[in-house]
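Undergrad: Only the shape, not the letters, is given here:
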DNA sequence: AGGCAGTATGTCGCTAAGTGACATTGATCT
DNA sequence: AGATCAATGTCACTTAGCGACATACTGCCT
């Protein structure tokens, strides 16, 4: 296969992540096409041309094969939030970042096809309890990130109870919004609702602002 | 065994729930004592004196055996919220309900031992991803209930996006508070923090109020 | 009381999800 | 080129969980 990097021992973290994502793509496709229960570990292995044993070396269960692709669906927002400068308002920051991405000025965060796959998995999670786990785990990850970001913004430790509650609310509304967008897109409904990027930014910002009682959103003096 | 009720066909829902809870108790005990991985379905079956096959008839996985006892931990709050009259503020309602329970005037909602077991499971969920699922599922249930309650209060359908976001935030802060209380209790730390029932009520109320941007909490005019 | 109907449980056997142990490849360093 | 070490393959094994059939229990009817 491709290049390993010797120094540091073992497969590079990046390469490992890429492989997991590759497996995840195929797994997600199979899950969507034929259902989770009807998809076996052997099938996933065959689809990515690896031995079944290797699949279990990279994933602890077949459902967790969907995790990387689901996680891809939230890394964009997470990255954007991590770059939020203290002196900007949430609305402004989201708007500039989103337009930058939309116009292709910023680096392309994730492939559109991957985004679609992620939406499909989240959709499947509605009926497949096994997949729901993966989705909730991803949201859990978002929440932990939020703790760091919000804690930093509020000059408090990320373990602070208030910070954790704000982070939990913020992550929760983001999740609901994502689910809403996902189901709308997959249903093929009125996509116009999301075409205006600044409006979308305002929507996310307003949701987070409300969910944190106004504690998160303003620029820091 | 006890009485079935014929009309409606099958075991009564109540009886089934009681049985599931009984299994859940033993499973939780085993999980806590020896870890999830080290506990087999056979052991659970033996502990409740049932065949292993019967366990799988009532639970789709061994981890889900913990669900009923975890759910017990949140039904109290859920019941309280469901009884929230429109003309009361959240603070007042929670305070009166909690003191009523504390004083024994109201019906005892769940056994204290069960509450402890629930806390232990939530604690375990921190390190055991399989159990985390059960806990997140329970929270998911809370969120759905919240949708109904909040939707009703705001005179909007439970499926309304705004309602769902409020419900998600509210459920999220309740979860964080529950986790906080659970870890504190299990650590044997400063329990005095929770002795004042009205203060506790105010705390929950304030958290929910903040998480919903003040939309939920006031009496309805 | 006694037979009938229906449901819960037990028993058996199987599929497939994961794991451990050991062999094999294949790249990198000297 | 040969040594080294991580990644993968191969094979045997454990066990969660389910389908199918047999059995026991419980209520209903006459």
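TA: Looks like it arrived, so ask away. This one's a predicted model, so the numbers in the text were calculated from it and none came from an experiment.

Undergrad: these two touch, right, residue A:212 and residue A:168?
TA: No - with contact defined as C-beta atoms under 8 Å, residue A:212 does not reach residue A:168; the gap is 9.8 Å. Any C-beta I mention is one placed from the backbone N, CA and C, and that applies to glycine too.

Undergrad: Output the set of residues of chain A in proximity to chain B.
TA: A:60, A:129, A:132-133, A:136-137, A:140, A:161, A:164-165, A:168-169, A:171-173, A:175-177, A:180, A:207, A:209-215 (C-beta under 8 Å from any C-beta of the partner chain).

Undergrad: Show residues contacting the strand or helix carrying residue A:116.
TA: Element membership of residue A:116 [criterion: DSSP states H and E] is helix A:112-125. Identification of contacts with helix A:112-125 by C-beta atoms under 8 Å, 6 or more residues apart in numbering or on different chains yields A:25, A:28-29, A:31-32, A:36, A:66, A:69-70, A:72-73, A:131-132, A:134-135, A:178-179, A:181-183, A:185-186.

Undergrad: 7 Å instead?
TA: Contacts with helix A:112-125, where a contact means C-beta atoms under 7 Å, 6 or more residues apart in numbering or on different chains, come from A:25, A:28, A:31-32, A:36, A:66, A:69-70, A:72-73, A:131-132, A:134-135, A:179, A:182-183, A:185-186.

Undergrad: circling back to that earlier point, just the buried residues of the residues of chain A next to chain B.
TA: For those, a burial check counting by 16 or more other C-beta atoms under 10 Å in any protein chain shown picks out A:132-133, A:136-137, A:164-165, A:168-169, A:171-173, A:175-177, A:207, A:209-213, A:215.

Undergrad: In strands, which of those residues fall?
TA: Using DSSP state E, the subset of those located in strands is empty.

Undergrad: So which of those are in helices?
TA: Among those, the ones falling in helices (DSSP state H) are A:132-133, A:136-137, A:164-165, A:168-169, A:171-173, A:175-177, A:207, A:209-211.

Undergrad: Relative to DNA strand D, how far out is residue A:190?
TA: 39 Å (C-beta to the nearest atom of the strand, to the nearest Å).

Undergrad: With adjacent residues omitted, what lies nearest to that residue?
TA: Distances taken as C-beta to C-beta, 6 or more residues apart in numbering or on different chains place residue A:184 nearest to residue A:190, at 7.2 Å, with adjacent residues excluded.

Undergrad: helix/strand/coil for the spatially most central residue of chain A?
TA: The centroid of chain A falls nearest to residue A:74 when counting by C-alpha atoms, centre = their mean (1.7 Å). Secondary structure, DSSP: H, G, I helix; E, B strand; the rest coil: residue A:74 is helix.

Undergrad: where's it relative to residue A:141, distance?
TA: Using C-beta to C-beta, to the nearest Å, we find residue A:74 at a distance of 7 Å from residue A:141.

Undergrad: swap in residue A:103?
TA: For residue A:103, the distance to residue A:141 equals 28 Å [C-beta to C-beta].

Undergrad: same deal with residue A:39?
TA: 24 Å.

Undergrad: neighbour count winner among these two?
TA: residue A:39 (22 against 17; other C-beta atoms under 10 Å in any protein chain shown).

Undergrad: residue contacts, that one?
TA: Going by C-beta under 7 Å, 6+ apart, residue A:39 touches A:30-31.

Undergrad: element containing it, please.
TA: With DSSP H and E as the test, residue A:39 turns up in no helix or strand.

Undergrad: Break chain A down into its structural domains.
TA: For chain A, automatic domain parsing gives the domain ranges A:13-62, A:67-211.

Undergrad: now the helices: where do they sit in chain A?
TA: Under DSSP H, chain A gives helices at A:13-34, A:41-48, A:52-58, A:67-82, A:90-102, A:112-125, A:129-153, A:161-187, A:197-211.

Undergrad: How far does the last one sit from its chain's centre?
TA: Averaging C-alpha coordinates over helix A:197-211 and over its chain gives two centres that are 17 Å apart (C-alpha atoms, centre = their mean, to the nearest Å).

Undergrad: sorry, back to before: how about the helix holding residue A:116: buried residues?
TA: A:114-125.

Undergrad: by how many degrees do it and helix A:161-187 diverge?
TA: Angle of helix A:112-125 versus helix A:161-187, following axes from the mean of the first three to the mean of the last three C-alpha atoms, to 10 degrees, is 100 degrees.
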